[in-house]
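In: Below: sequence and its predicted model.
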Amino acid sequence: MSDPSLRKGVSVLVSDRRIAWLRPTSDEPALPANVRIIDAGGSTIVPGMVDAHSHVTLPGGSHWIDRGADPPEELLEVAEHNGDLLGRAGVRWARDVGSPLAIDPRDGRRRALALRVRERWQSDLDRPRIRVAGTWIGHSGVLTGGLAIEADAGPALLKAASTQLDNGADFLKLYLDGPKKEEAPWSTEDVRAVVELAHRRGAKVTAHSGFLVGARVGIDAGVDSLEHGFELDSDAVAKMARQETFLVSTLAIFRSWASFAQTTTLPRFTSGEGKERIARRTERAIESVQLAHRAGVRIATGTDFGGGSLRANHLAWEIESLVEAGLKPWEALTSATVRGGELLGEPEAGRIVEGGPADFFLVHGDPLSDPTALWRIWRVAWLPESHVT
Ligand SMILES: [Zn+2]
């Protein structure tokens, strides 16, 4: 495929939050009498992006893990702030891949907090559209602070999976790093049983994957996507490409950690040993994305904000990281738009088409060749101050 280039001299008419038409400015039909004209000269229209790996109830920053233990009411406030940040950064969709459990005061049941955020935002057209994985399902001794539902063997794993779906999760998130780095937490058969259960109920399964041994189990078990994929090899990516397993890249985490060497006093980031460890993991993670990209794996992408150290308005950083890993800028933008929509099963996400939602934003510069253009946002079409009718 040849590289796409910008279409210049384009006009767009928005009506009732949909794109009524999109055509050359030289060929505009008569405009409706009450139309409000916005001179967007010199700016570029970009489809609303999809942050395919996010944690809307958590704030991120260098103490991101501690923040998971904050009181639920505070985390719901955090989610509202994140909603603002996402929108202003041009992110229309967020795929939430894990939130803490909290007692829902309405029925006294303990369930993932992001489910409540999804309900709050459903009826508010200005808010990000979100899909929610519930909480993390992990082996005991892996995720600290009581964040995960713990399941150590097949039956418990299946029970955890159906509880999440009963609670309203849109998809499932398995944590495929085990208590021992060199061992996967579950057998391929156990994970496959979860995948079959979820698919029967119309839900997808994704898996956190920090190490190769867990990635292999997830791929062999037929999970729909791997998150991070920090340690992939050529066999793993070949199989992912064959069976159309998505990779959700989260490379900007390492840029964020490298910045903490300058901005924090935390030894894991500032010590020689810490820096070396981060540099090694960065190199391996970039190599994994390169392997996947060359093998033709479909790559969606996300910030991991909240569940990692990035903030909710940092998706452009991830796109820059993908470009550093060897994707062309337009390919990286595709990961943050159309691919994310495919992963979500939302065909309208990340696209600008006549008749489709007016989910676009305006930047200065050409993001097809320069990812830094995505930081220079001028207007976001779906937010109130720029709502055109
Ligand atoms: Zn995460």
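Out: Yep, that arrived. Since the model is a prediction, treat every value here as computed from it, not as a measurement.
In: okay, CA-based contacts and neighbour counts for the rest of this
Out: Noted.
In: Would you mind listing what in the protein touches the ion?
Out: The interface of the chain toward the ion, taken as Cα under 5 Å from the ion, is made up of 304, 307.
In: and the longest helix for this structure?
Out: Ranked by residue count and defined by DSSP state H, the top helix of the chain is helix 272-295.
In: Check which residues of that helix are buried.
Out: Within helix 272-295, the residues that qualify as buried are 274-275, 278-279, 281-282, 284-293, 295, counting by 16 or more other Cα atoms under 10 Å.
In: where do the strands sit along the stretch 1-150 of the chain?
Out: Using DSSP state E, counting those that start in this stretch, the strands of the stretch 1-150 of the chain run over residues 10-15, 18-24, 43-47, 49-54, 91-96, 101-104, 109-112, 129-132, 137-138, 149-150.
In: rewinding a little: which helix or strand lies directly C-terminal to the longest helix of the chain?
Out: Note on helix 272-295: by DSSP states H and E, the next helix or strand toward the C-terminus is strand 299-301.
In: now for that following strand, which elements pack on it?
Out: On a contact count with 3 or more Cα pairs under 8 Å, 6 or more residues apart in numbering; DSSP states H and E, strand 299-301 meets strand 49-54, strand 246-249, helix 340-344.
In: What lies in contact with it?
Out: Strand 299-301 is contacted from outside by 50-53, 246-250, 292-293, 318-319, 335-337, 339-340, 343, using Cα atoms under 8 Å, 6 or more residues apart in numbering.
In: For the nearest residue to residue 364 once chain neighbours are set aside, the count of nearby residues, please.
Out: With Cα to Cα, 6 or more residues apart in numbering as the criterion, residue 364 has its nearest non-adjacent residue at 4.8 Å, and that residue is residue 43. The number of residues packed near residue 43 is 19, by other Cα atoms under 10 Å.
In: quick thing: my sequence starts at 30, can you match it?
Out: From this message on, residue numbering opens at 30, which makes the last subject residue 72.
In: With mean pLDDT and mean neighbour count added, can I get the helices and strands packed on strand 328-330 in a markdown table?
Out: Output for the helices and strands packed on strand 328-330, formatted as a markdown table (pLDDT from 0 to 100; neighbours: other Cα atoms under 10 Å):
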| stretch | mean pLDDT | mean neighbour count |
| --- | --- | --- |
| strand 78-83 | 98 | 31 |
| strand 275-278 | 98 | 28 |
| helix 369-373 | 98 | 23 |
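In: contacting residues for residue 254?
Out: Contacts of residue 254 by Cα under 8 Å, 6+ apart are 234, 235, 236, 274, 275, 276, 277.
In: can you pull up the bridge partners for the first one?
Out: Yep, that's residue 234 we're talking about. residue 201 (DSSP bridges).
In: wait, what's in contact with it?
Out: The neighbourhood of residue 234, defined by Cα under 8 Å, 6+ apart, consists of 200, 201, 202, 203, 223, 224, 227, 252, 253, 254.
In: Just the pLDDT for it.
Out: With respect to pLDDT, residue 234 scores 98.
In: try residue 74
Out: 98.
In: Let me know whether it touches residue 388 as I believe.
Out: No. Using Cα atoms under 8 Å, residue 74 is not in contact with residue 388; the gap is 10.0 Å.
In: who's more crowded, those two?
Out: More crowded of residue 74 and residue 388, by other Cα under 10 Å: residue 388, with 26 against 22.
In: excluding its backbone neighbours, what's nearest the more buried one?
Out: Residue 388's closest residue in space is residue 77 (Cα to Cα, 6+ apart), at 5.1 Å.
In: Enumerate the helices of the protein by residue range, in sequence order.
Out: Remark: helices assigned in the chain by DSSP H are 93-96, 101-117, 142-151, 183-196, 217-229, 241-250, 263-272, 281-292, 296-299, 301-324, 344-353, 358-363, 369-373.
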